[in-house]
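Peer 1: quick one, what's the 3D model for this:
(chains A and B)
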Number of protein chains: 2
Amino acid sequence: MPLGEFDLIARYFTRPTRRAVLGIGDDCALLAPTPGLQWAVSSDLLVEGRHFVSTVAPNALGHKSLAVNLSDLAACGATPVAFSLMLALPRVDEAFLQGFADGLFALADAHGIELVGGDTTAGPLAVGITVMGEVPPAQALRRDAARAGDDLWVSHAPGRGLGDARLALEVLRDRAAVPGEAFARVRRAMEWPQPRVALGQRLRGIAHAAIDLSDGLSGDLGHVLQRSGVGARLEFAALPRSPELATQPDALLRTCLLEGGDDYELLFSAPRTARAAVRQAAAESGVAVSCIGELLPERGLRVAWPDGRTTARATRGFDHFASDWEPT
Amino acid sequence: MPLGEFDLIARYFTRPTRRAVLGIGDDCALLAPTPGLQWAVSSDLLVEGRHFVSTVAPNALGHKSLAVNLSDLAACGATPVAFSLMLALPRVDEAFLQGFADGLFALADAHGIELVGGDTTAGPLAVGITVMGEVPPAQALRRDAARAGDDLWVSHAPGRGLGDARLALEVLRDRAAVPGEAFARVRRAMEWPQPRVALGQRLRGIAHAAIDLSDGLSGDLGHVLQRSGVGARLEFAALPRSPELATQPDALLRTCLLEGGDDYELLFSAPRTARAAVRQAAAESGVAVSCIGELLPERGLRVAWPDGRTTARATRGFDHFASDWEPT
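Peer 2: Have a look, this model is predicted:
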């Protein structure tokens, strides 16, 4: 006999709560906010065939579903506290559920965040998560706080860079080729993104504005520029890239770096006087950072290319309804 | 040219925030919890074809999506503060979005709760909402606080009762007949449930345990009995019912009242000494309440029937994976 909803929740998703006053199993979870802190909230919905392929490993899906949400907390500089999970499942598949829960809870434990509630239902496979975190008043990193003259920074794994997730997608769609072992590395960027939570917290008081890269560099940078009322100059040569991406044809390289999507790195601005502090925050977080340009008083995005030309570029992001594939 | 995701959010879902420090448009929303209060959180996911029919009016869907979540806050006695919305849409249909937003915000405004964030994506139609509210420490109404000797109460609209939503579903499935105007009334119970938020708050300090009726009376009562370690005796004749349901055949009447689902009324227990206080709380909330039985030290559910017999009854609730239709 297949598991019912309540058995499923009990078996795969109910664990003792450490922080919550009341966890899974009542009408609401109850949490005691830390006195004096603000509450940061974000939600992301992942749908099969749009945000992940049907053949994704269940533990990778569990990981990524929470990772993309934690990445939003990271971009605000918030400390993760709790999350709720909405899960629509075509059928009760225990192997899937076990793998999904394993990936989900491994990342949750790594960040000290606990599952406090949610909803499961039959339906086309979809995962919706709402994360909650805490941040001191007036210290959250926002999109509207960038200033002309700021350096523009991006985080990345040491020796890697932006655009690998997009490169993996292009390979899966037969639009690019990357040999076997190298493909495993770029696919890992797509399926196992690492939210930069520690870096985000350390950037409070150092960075001015921050956003997480989910829709691609130019689009997400565009949000910061628009909200902050400034422009930017990007140094294309300064954009960090993996060896696998660096050897791709120019057009693909540009697409992956500038419009890649699904990077889940932090893009942030900080005053020039904070360069040492930024590098120290990154080192303490075990993350690399690259300075990729500067913010300007004139609106718009300009890209300085390796050949010495500088061109204006639209800050178009991913349109989630115009494409058949979406970053989250 | 169809609306993109960001235009869609700007046009239909972005409104000035009153309470939130930072609303829609950044990586996270920021909220300032009221000092000394706890934070109550609940999530519900509604999927087309499972929780609502494709022909549902968009404003009814917007209303119900939030109503079922507010009902969870009501069952805890929490005061609604904010919610996030995850919306998967097969296509950008502006008439649908306008109607959906109208229904959603009308209910949000009625309860002083604001939309602070979320996610929209292409995908099979689904609506996921996470609500957040506040409640004083140790005053939340919980499922595990019922005591033997308590009266068992249920809320309902004056002159109406439980089971109308289920009756409407049975009519839509050609398993029951209700003439035209009367059907509009029972269909209203299914599509426009009224969360008992005011009553829930007034029951703090009066009721012992509470739960909202979403999976049907016997199943939801079963959760309270199990968690509280008690049993119950239900008076079938005392179960409130609408005139439309009262005249249905016995078997259908029993099904709708005991296993109906989708009622979104509050089921709660309170000491006998609190009868006057319960009635006053209901009157102040503009809601009717009926005393439908009592809690007993012996485990299990017994139903006292109008013919004088008393029978044991399983407290089976709705199994969301075993049926082709689900209450939320």
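Peer 1: rest of the way, CA atoms for contacts and neighbours
Peer 2: Fine.
Peer 1: right, is the strand or helix carrying A:Leu30 up against chain B?
Peer 2: Using DSSP states H and E, A:Leu30 maps to strand A:29-31. Yes - counting by C-alpha under 8 Å from any C-alpha of the partner chain, chain B has neighbours in strand A:29-31: A:Ala29, A:Leu30, A:Leu31.
Peer 1: ok, stretch A:196-208 next?
Peer 2: No - using C-alpha under 8 Å from any C-alpha, stretch A:196-208 never reaches chain B; the gap is at least 12.0 Å.
Peer 1: from the middle of its chain, how far away would that stretch be?
Peer 2: Its chain's C-alpha centre and that of stretch A:196-208 lie 15 Å apart, by C-alpha atoms, centre = their mean, to the nearest Å.
Peer 1: what's the first-to-last distance across it?
Peer 2: Taking C-alpha to C-alpha, to the nearest Å, stretch A:196-208 runs 17 Å from one end to the other.
Peer 1: what's around A:Val303, how many residues?
Peer 2: 18 (other C-alpha atoms under 10 Å in any protein chain shown).
Peer 1: whoops, A:Pro16 was the one
Peer 2: Neighbourhood size, A:Pro16 [other C-alpha under 10 Å]: 12.
Peer 1: what sits closest to it if chain neighbours are left out?
Peer 2: Once flanking residues are discounted, A:Pro16 sits nearest to A:Gly23: 7.8 Å by C-alpha to C-alpha, 6 or more residues apart in numbering or on different chains.
Peer 1: is it true that that neighbour touches A:Phe13?
Peer 2: No - in this structure, A:Gly23 is not within contact of A:Phe13 by C-alpha atoms under 8 Å, at 10.8 Å.
Peer 1: which residues of the stretch 51-200 of chain A fall in strands?
Peer 2: Taking DSSP state E, counting those that start in this stretch, the strands of the stretch 51-200 of chain A run over residues A:79-89, A:114-122, A:126-135, A:151-156.
Peer 1: these: lowest mean pLDDT?
Peer 2: Here the lowest mean pLDDT among those goes to strand A:114-122, at a mean of 90.
Peer 1: now the angle between strand B:126-135 and that one, please.
Peer 2: Orientation of strand A:114-122 against strand B:126-135 (axes from the mean of the first three to the mean of the last three C-alpha atoms, to 10 degrees) gives an angle of 140 degrees.
Peer 1: how about the residues of the stretch 51-200 of chain A that lie near chain B?
Peer 2: For the stretch 51-200 of chain A, the residues in contact with chain B (C-alpha under 8 Å from any C-alpha) are A:72-73, A:75-76, A:84-88, A:91-92, A:117-124, A:128, A:130, A:142-143.
Peer 1: residue of the stretch 151-300 of chain A nearest chain B, please.
Peer 2: The minimum distance from the stretch 151-300 of chain A to chain B, using C-alpha to the nearest C-alpha, falls at A:Ile211 (6.5 Å).
Peer 1: go ahead and confirm that residue touches A:Val224.
Peer 2: Yes - with contact defined as C-alpha under 8 Å, A:Ile211 counts as touching A:Val224 (7.4 Å).
Peer 1: of those two, which one has the most company?
Peer 2: Taking other C-alpha under 10 Å, A:Ile211 and A:Val224 do not tie; A:Ile211 has more neighbours (31 against 25).
Peer 1: confirm that the more buried one sits in a strand.
Peer 2: Yes - counting by DSSP: H, G, I helix; E, B strand; the rest coil, A:Ile211 is part of a strand.
Peer 1: show me the contacts for the closest residue to it other than its chain neighbours.
Peer 2: Nearest non-adjacent residue to A:Ile211, counting by C-alpha to C-alpha, 6+ apart: A:Ala75, 5.0 Å away. For A:Ala75, the contacting residues are A:Leu141, A:Arg142, A:Arg196, A:Val197, A:Gly200, A:Ala210, A:Ile211, A:Asp212, A:Leu266, B:Asp27, by C-alpha atoms under 8 Å, 6 or more residues apart in numbering or on different chains.
Peer 1: repeat the analysis, applying 6 Å as the threshold.
Peer 2: Residues near A:Ala75 by C-alpha atoms under 6 Å, 6 or more residues apart in numbering or on different chains: A:Gly200, A:Ala210, A:Ile211, A:Asp212.
Peer 1: ok, now A:Phe83?
Peer 2: By C-alpha under 6 Å, 6+ apart, the contact list for A:Phe83 reads A:Leu115, A:Thr130, A:Val131, A:Met132.
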